[in-house]
Each structure stands twice: as structure tokens, then as C-alpha cells.
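Trainee: model the following, please.
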Amino acid sequence: MDQLRDEYGQASNIKSKRTRKNVQSALDVLMGKVKHFDSPPENGMIAMAGMVSTRGDKSDMKSLIIEPPEKINSYRYHCDSNFLIEPLKDLVEEKKKFGLIVLDRREATVGILKGNNIDPKRHLTSGVPGKTKAGGQSQARFERLRDQAAHEFYKRIAEAANSVFTAEDELVGVLIGGPSPTKEEFLSKDLLHHELEIIDKFDVSYTDEYGLRELVNTASTTLEELRSMEERNTSKEFLNKLVQEEGLVSYGEEQVRKALNIGAVDKLLLSEKLRKLRVSIECKECDYSKEITVEETEFAEVEEEYNQCPKCEGGTEIEAQDLVDDLSEKAEQMGTEVILVGTDFEEGEQIYDAFGGIAAILRFEVGKL
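Mentor: The predicted model follows:
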């Protein structure tokens with residue numbers, strides 16, 4: 001709140017009268033909303049306010065307070081002619097989970113990667129002694145004790161990793177980082193749960209929380225290939241079934257939504273190029289309600305058209321949600337896997353161009369709904 005007050009004062013130095021008024025009005029709105037929170041929500045808060053063009057030269061003040069589904073690990077104040085949404089995209093994208101282990105003989109850290117968010121889960125330290133310069137039998141005995149201590153430490157790492165990873169739903173696999181030959185030695189012990197797939201191992205210098213970030217950065221190419229491969233394979237699966245088993249696929253928003261509602265969808269494919277909103281309209285006075293899907297650019301027209309109830313001319317409440325979010329939430333309720341499909345490959349382009357960016361692989365045939 002203190003920073004918002006400071007920014008309000010600094011905004012008085014803006015030369016343009018119109019811009020100054022818009023910025024200060026937006027800050028007024030934000031301060032009015034934020035003051036109702038005694039403390040930030042557990043996962044943080046996203047607050048936006050600003051003037052948005054509606055039709056012609058008209059503009060309205062719009063504001064939004066979001067409590068994100070995942071914890072936000074950064075703070076940012078942004079004042080510009082456009083809302084800053086890039087850092088928020090990861091919060092609404094379908095995210096696969098990957099297990100992370102970084103280790104050497106001194107310490108280890110276990111974490112989970114979901115989207116671009118790294119969540120450190122466990123940190124362990126060992127009692128493995130350092131190398132000695134002693135010679136002869138004492139040297140050999142010391143090395144045996146050192147190896148035994150290392151083995152016990154590896155067992156503790158595996159127990160922690162198994163506990164963390166097996167509790168996660170839809171974990172794709174595990175990435176392991178550390179110096180050579182430590183990570184190879186750990187893997188050779190075959191201590192991880194048999195259901196955990198080891199995706200790859202990478203050389204990293206650190207074995208603390210920073211090491212988890214280093215591991216993810218080092219493995220970025222591998223991770224991107226895995227994500228891209230899933231998109232391609234699922235898109236190909238849909239197109240193949242369309243030809244060979246047409247009854248086990250559906251496409252277009254209306255048909256896919258109906259299939260979702262009866263729990264028939266196994267995999268939901270949504271194009272990353274979709275730019276639509278699911279809009280719900282409810283009358284405050286009578287029982288009128290309606291849901292429609294529109295392009296993002298058409299929302300202002302919808303607000304104007306349904307400003308009054310078409311049934312009783314009473315006031316209305318209009319809410320809009322990104323179509324991808326709307327369908328993804330429904331899919332989650334039905335235990336349906338959601339795959340966001342890019343358009344940087346042929347099958348992904350087909351999903352968007354030929355099927356409107358919404359397609360589904362079904363669990364069972366449903367016929368024409």
C-alpha cells in the first residue's frame with residue numbers, strides 16, 4: 001500500500017494531463033481494493049487497473065484482483081500503456097511435473113519442476129568425510145569407510161526422492177544433476193522407485209536450491225523436446241483416429257464441450273493460438289442467463305449489447321473467462337488430460353486451422369451429441 005501511495009505522488013509529475021489522470025485513477029482503484037486485504041493471500045496477489053478502450057474513442061476503467069492457483073515468488077510494479085501479462089502465462093498453462101535431484105557426496109536437494117516453477121522439497125547433508133592424504137592400510141580402510149558413508153547417504157537421498165516423487169500425480173520423469181562420477185555412482189545403486197523414469201542426467205556445479213535452477217537451465221533443451229514430442233504425438237493420434245476410428249474423436253467447441261460434460265473425453269487438445277472468451281450473462285432481476293463464446297476483441301461489444309437484460313431490461317452481471325481456462329477446468333473435473341498444442345509443426349497447424357483449435361480423443365463413442 002505504501003508503494004502505491006508513493007507512486008500516486010510521483011504520478012503528479014507526468015506531463016500529459018490525460019495520462020496523469022488515468023494513472024492516478026488506476027492507483028486510486030487499486031488502493032481501494034487492496035485495503036480490504038488484512039494480509040496477502042497464501043499464494044500472493046495479482047492486481048491490475050487501467051483505462052481500456054471500448055468503442056471508438058471511449059474508454060472505461062477496468063480493474064482485477066486475482067488470487068493465483070500457485071505461489072508467486074516475485075514482486076513487481078508495472079506502469080505502462082499495456083497490462084503486463086507475460087509473467088502470468090505460466091500460471092494458466094497446462095504443466096507437466098518433473099522430479100529434480102542434484103547431489104554430490106556432501107549434500108543433495110530434491111525438488112519438483114512444474115511449468116517454470118521450481119519447488120524445492122528436501123535438502124540433505126551427509127557425514128561423508130573428505131579425502132585424506134594418509135597412505136597404506138589406513139588409507140584403504142578410510143576409503144572403505146568413506147564409501148560406506150556415501151552409500152548410506154545415497155540411500156537417504158533415494159528415500160527422500162521416492163517419498164516426494166511418488167506422492168505427485170502425473171510426474172513425467174526425473175532429471176538428475178551433479179558432478180561426475182557422483183551422479184553415475186548414485187544411479188548405479190538402483191535405489192529409486194522402479195516406477196520413476198530417469199529422463200537424463202546432467203553435469204551441474206551446485207547441489208543446493210540454486211543447483212535445481214542450474215539443472216533446469218542445463219536440461220532446457222531436453223525438457224522442450226519432451227513437451228514438443230507430447231504435443232506432436234497426441235496431435236498425430238487424433239488425426240489417425242479421425243481417419244481410422246472416427247467415433248473416438250470429437251472437434252469443435254460445441255461437440256467437445258458436450259463430450260466433456262458426460263465424461264467421454266480422454267485427452268483434450270487446445271491450440272495455443274486460441275484467443276477466445278467464455279462469457280456468462282446473468283440478469284440481476286429475473287431468471288435470464290446465457291453463456292456465449294466470443295473473440296477477445298468482441299468482448300466490449302458484448303458488454304454493451306447485454307448491458308441490460310433482453311428479457312426484463314434489468315441490470316446484468318457479465319463475467320468473462322479465457323476459453324482455454326474454461327475448458328481446462330471442466331476437463332480437470334472429469335479427469336481429462338489437457339494438452340496445449342503449438343502451431344510450429346504441421347499437425348498443430350491442422351488442429352487450429354481445420355478444427356478451430358479444439359479437439360478431443362474420446363474414451364468411448366458418443367455419436368452425435
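Trainee: can you give me the helices in the stretch 201-350 of the chain?
Mentor: 209-218, 220-244, 253-261, 299-305, 323-333, 346-355 (DSSP state H, counting those that start in this stretch).
Trainee: how does the protein divide into domains?
Mentor: 2-92, 97-218, 229-362 (automatic domain parsing).
Trainee: what's the average pLDDT for the longest one?
Mentor: Model confidence over domain 229-362, given as mean pLDDT, is 90.
Trainee: now it, how far from the centre of its chain.
Mentor: Its chain's average C-alpha position is 18 Å from that of domain 229-362, according to Cα atoms, centre = their mean, to the nearest Å.
Trainee: tell me, how many residues neighbour residue 8?
Mentor: 16 (other Cβ atoms under 10 Å). For the C-beta atoms, the positions are set from N, CA and C on the backbone; glycine is no exception.
Trainee: still on that earlier bit, so for residue 80, which of the helices of the stretch 201-350 of the chain sits nearest?
Mentor: Of all the helices of the stretch 201-350 of the chain, helix 299-305 sits nearest to residue 80, with 20.5 Å by Cβ to Cβ.
Trainee: what's the closest one packed up against?
Mentor: When contacts are defined as 3 or more Cβ pairs under 8 Å, 6 or more residues apart in numbering; DSSP states H and E, helix 299-305 packs onto strand 276-283, strand 316-322.
Trainee: next, the angle strand 276-283 makes with the shortest one.
Mentor: What separates the directions of strand 316-322 and strand 276-283 is an angle of 160 degrees, with axes from the mean of the first three to the mean of the last three Cα atoms, to 10 degrees.
Trainee: got the CA coordinates for strand 316-322 in PDB?
Mentor: This file holds the C-alpha atoms of strand 316-322, laid out as PDB (Å, rounded to 0.1, in the frame of the first residue of the first chain):
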ATOM      1  CA  THR A 316     -26.900  -7.700 -15.700                       C
ATOM      2  CA  GLU A 317     -23.700  -9.300 -14.400                       C
ATOM      3  CA  ILE A 318     -21.200 -10.200 -17.100                       C
ATOM      4  CA  GLU A 319     -18.200 -12.400 -16.400                       C
ATOM      5  CA  ALA A 320     -15.600 -13.500 -18.900                       C
ATOM      6  CA  GLN A 321     -13.000 -16.300 -18.700                       C
ATOM      7  CA  ASP A 322     -10.300 -17.300 -21.200                       C
END
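Trainee: just the buried residues of that strand, please?
Mentor: The neighbour-count check on strand 316-322 (16 or more other Cβ atoms under 10 Å) flags 316, 320 as buried.
Trainee: which residues touch the helix or strand where residue 9 lies?
Mentor: In the assignment (DSSP states H and E), residue 9 maps to helix 2-11. For helix 2-11, the surrounding residues in contact (Cβ atoms under 8 Å, 6 or more residues apart in numbering) are 20, 23-24, 27-28, 30-31, 34, 77, 79.
Trainee: any buried residues in that helix, and which?
Mentor: Neighbour-count burial for helix 2-11 [16+ other Cβ under 10 Å]: 4, 7-8, 11.
Trainee: and it, how far out from the chain middle?
Mentor: On Cα atoms, centre = their mean, the centre of helix 2-11 falls 32 Å from that of its chain.
Trainee: what mean pLDDT does the helix or strand just after it get?
Mentor: Following helix 2-11 in sequence order, the next helix or strand is helix 17-34 (DSSP H and E). Averaged over helix 17-34, pLDDT sits at 80.
Trainee: and helix 17-34 with helix 2-11, angle?
Mentor: Angle between the axes of helix 17-34 and helix 2-11 is 170 degrees (criterion: the same axes, to 10 degrees).
Trainee: next SSE after helix 17-34?
Mentor: Past helix 17-34, the next helix or strand by DSSP H and E is strand 46-53.
Trainee: partner strands of that following strand, with direction?
Mentor: Strand 46-53 pairs in its sheet with strand 59-66 (antiparallel), by DSSP bridges.
Trainee: other residues contacting the strand it pairs with?
Mentor: 25-26, 29-30, 33-34, 45-54.
Trainee: just the buried residues of these.
Mentor: Buried residues within those, defined by neighbour count using 16+ other Cβ under 10 Å: 26, 29-30, 46-51.
Trainee: and the furthest pair within these?
Mentor: Largest separation among the buried ones among the contacts of strand 59-66 by Cβ to Cβ: 46 and 51, giving 18.5 Å.
Trainee: in stretch 18-32, what's buried?
Mentor: Within stretch 18-32, the residues scored as buried using 16+ other Cβ under 10 Å are 22-24, 26-27, 29-31.
Trainee: same thing with stretch 270-283?
Mentor: For stretch 270-283, by 16+ other Cβ under 10 Å, it's 270-272, 274, 276-279, 281-283.
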